[in-house]
Structures are given as C-alpha cells and as structure tokens.
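>>> predicted structure and sequence below. I'll ask about it afterward.
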Amino acid sequence: MAHRQFEGKEQASSYWKYRFPPPDHIIQHLLDFQKKQKAGSDLAVDVGCGPGRGTVLLAKHFASVVGLDVSPAQIEVALQHSKEPNITYRQCVAEQLPFSGSSLDLVTSMSAFHWFNRPRFLQEVHRVLKPGGCLFLVCFNNNMELNFPNCCSDTLSQISKEFSEEIKSYRCLHVGICPRNSYKEAYDSILYPEKEWHDCVLVKRTMTLSNFIQLMKTLGDYQALVRDDPQKATRLSQDVSQRLMSEMGVTSIQTEVEAVMKYFYVLARKPQEV
C-alpha cells in the first residue's frame with residue numbers, strides 16, 4: 001500500500017497554488033515518445049494526481065484522461081479547478097487501479113511514484129497498459145539553485161541546500177535518502193526493451209521569494225517537521241526567508257528570484273507481444 005501523505009484540504013490547496021507541473025518540453029518529450037512508439041491516445045491515467053496540475057496537461061492530447069488519488073481532499077481541489085470536459089477524477093490507491101487489463105494507452109505519475117508500493121504499482125501498470133502503451137514517471141529534486149541579479153548564486157543556492165538538508169532528517173523511510181533513486185531503480189527493474197532514463201533536466205522558473213518558500217513548505221520532509229515540531233518548522237522557514245532577503249539585499253519577500261529545478265524521469269513502452 002502507498003504511504004498516505006498530503007491528505008488535508010489545506011495542503012491540497014497549497015499543492016495547487018505552489019507546486020509546478022512538469023514543464024512543457026518534458027511533456028512534449030513524453031508525447032514524442034508516444035508517437036515514436038506508435039502508442040494510442042484514447043485513455044490516459046494520472047496516478048497520484050494531487051490537485052490535477054499535471055493531469056490537465058494531458059487533456060488536449062488524449063480522448064479521455066482520468067486523475068486518481070488516494071486523498072479525498074486532493075480530488076476535491078482537483079474537481080474545483082476542473083474545466084476540461086474529457087477529464088474525470090476518482091479516489092483510489094495506486095496499487096489497485098480500477099481498470100481492466102490491457103485497457104490504457106498511458107499511465108503517468110508526476111511527483112508521486114516514490115510514495116507508492118513501487119513493485120506492486122509497476123505490476124499494476126503492466127496489467128492495465130495496452131500492448132504498446134506507455135509509462136511516464138517524473139519528479140524533481142528538492143535541492144534547487146537560486147539566481148538573483150548582482151548576487152552570488154552559490155550563496156543563495158547554499159542557503160536553499162541547507163534548508164533541504166535541515167528537513168531531510170524528517171524524510172519518510174519509505175522514500176529513502178533520495179527520491180531519485182526510486183525512479184532509477186524502477187527504470188532498471190522495468191524489463192521492457194524500449195525505455196529511457198533522463199536525469200538532471202534543468203528547468204528555470206521565475207517566482208517570488210514568498211512562493212519559493214511556500215513551494216519548499218509543500219515538501220513531504222517539511223510537512224513531517226510541521227507535524228513533529230510546528231514551532232521549529234515556522235522558525236526554519238522564517239530564518240531561511242530572512243537569510244535569502246539579506247543576501248539579495250531586498251526587504252520584500254515578494255521580490256522575484258529564479259529557481260533552477262532539476263527533473264528526472266522514466267519513459268517505457270509495454271511490448272506489443274507479451
């Protein structure tokens with residue numbers, strides 16, 4: 001069974017506000033992989049969809065898209081923002097997908113796979129994918145580089161790294177030392193002959209310093225700290241905010257900063273004959 005996290009309404013709303021879906025060029029790579037492998041485009045399923053930020057990216061490329069999440073609150077927020085007529089959302093666990101065998105053209109999981117019972121999920125993916133159907137697993141690294149004009153990027157990035165290191169001790173043991181390892185292990189374990197591993201794909205995003213801090217606060221490590229010691233969590237985020245503003249020489253947390261996110265992802269195609 002997946003490790004259940006991020007189920008509260010407040011955190012679901014924070015995911016919608018501050019989490020980013022994969023960037024367009026990674027989604028385009030997925031679509032190119034689908035086309036290259038001559039996979040179908042009838043039904044795509046996004047597992048661990050959260051509030052649906054990534055799910056909506058699939059809507060214009062597939063006849064029907066289903067977002068699945070174990071959390072009722074995440075599904076509720078996804079439905080509040082749902083506008084695409086070909087998307088539906090359902091609550092279920094990742095390891096028991098509510099689809100018949102060989103029925104899906106695409107299964108995705110965006111920044112959620114590391115929370116699943118990974119071997120069982122991959123077995124389910126194999127069961128539900130059509131021959132020729134594709135799997136897409138993607139996530140980003142918690143350590144982000146920061147850039148600001150006329151400021152030492154190494155110093156800003158070090159402050160960001162120290163924030164990540166401080167909360168790492170609260171990481172769920174199921175996730176492991178580095179979530180990236182779970183995705184690389186999945187890639188290595190998938191026996192499909194057509195598969196790709198992409199590591200350290202850099203994506204630059206401009207956001208306010210406030211939104212950067214809020215993004216970091218959505219991370220599972222930080223949320224575990226909040227549950228264990230909420231006062232320490234508040235002090236940590238405030239201290240990091242002040243250190244970054246001081247280094248940048250600004251007084252407003254609404255100042256924009258460039259964050260460099262590092263994505264990694266898996267693409268795989270179920271063989272036509274299995």
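Arrived safely, thanks for sending.

>>> please name the residues that touch Tyr265.
Tyr265 makes contacts with Pro22, Ile26, Phe136, Leu137, Val138, Cys139, Tyr183, Trp197, His198, Val201, as judged by CB atoms under 8 Å, 6 or more residues apart in numbering. The way it works is simple: take the backbone N, C-alpha and C, and place the C-beta from them, glycine included.

>>> wait, a strand at the fourth one?
Yes: counting by DSSP: H, G, I helix; E, B strand; the rest coil, one finds Leu137 located in a strand.

>>> which residues does it contact?
Under the criterion of CB under 8 Å, 6+ apart, the neighbours of Leu137 are Thr108, Ser109, Phe113, Tyr183, Ala186, Tyr265, Val266.

>>> just the buried residues from the residues you listed, in PyMOL please.
Selection of buried members from those for PyMOL, criterion 16 or more other CB atoms under 10 Å:
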select buried, resi 108+109+113+183+186+265+266
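
>>> out of the contacts of Leu137, which sit inside helices?
Filtering these for membership in helices, criterion DSSP state H, returns Tyr183, Ala186.

>>> and which of the contacts of Leu137 is nearest to Ala233?
Minimum distance to Ala233 across the contacts of Leu137 is 25.6 Å, recorded for Phe113 (CB to CB).

>>> now the closest one. Nearest residue, chain neighbours left out?
Closest residue to Phe113 in three dimensions, ignoring its sequence neighbours and counting by CB to CB, 6 or more residues apart in numbering: Leu137, at 4.8 Å.

>>> check what pLDDT the one you found gets.
Leu137 is assigned a predicted lDDT (pLDDT) of 98.

>>> export the contacts of Tyr265 to JSON lines and tack on distance to Ser14?
JSON lines is the format used below for those (distance: CB to CB, whole Å):
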{"residue": "Pro22", "distance to Ser14": "18"}
{"residue": "Ile26", "distance to Ser14": "23"}
{"residue": "Phe136", "distance to Ser14": "24"}
{"residue": "Leu137", "distance to Ser14": "23"}
{"residue": "Val138", "distance to Ser14": "20"}
{"residue": "Cys139", "distance to Ser14": "18"}
{"residue": "Tyr183", "distance to Ser14": "24"}
{"residue": "Trp197", "distance to Ser14": "30"}
{"residue": "His198", "distance to Ser14": "28"}
{"residue": "Val201", "distance to Ser14": "25"}
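
>>> out of these, which is most surrounded?
For the contacts of Tyr265, neighbours were counted using other CB atoms under 10 Å, and Leu137 has the most, 28 neighbours in all.

>>> where does the protein have low pLDDT?
When the per-residue scores of the chain are filtered using pLDDT under 70, the ranges that remain are 1-8, 172-177, 274.

>>> strands of that one, start to end?
43-47, 64-69, 87-91, 104-110, 129-140, 145-147, 194-208, 256-269 (DSSP state E).

>>> for Tyr222, find the nearest of these.
Tyr222 lies closest, by CB to CB, to one member of the strands of the chain: strand 129-140, at 14.8 Å.

>>> by how many degrees do that closest one and strand 194-208 diverge?
Angle between the axes of strand 129-140 and strand 194-208 is 40 degrees (criterion: axes from the mean of the first three to the mean of the last three CA atoms, to 10 degrees).
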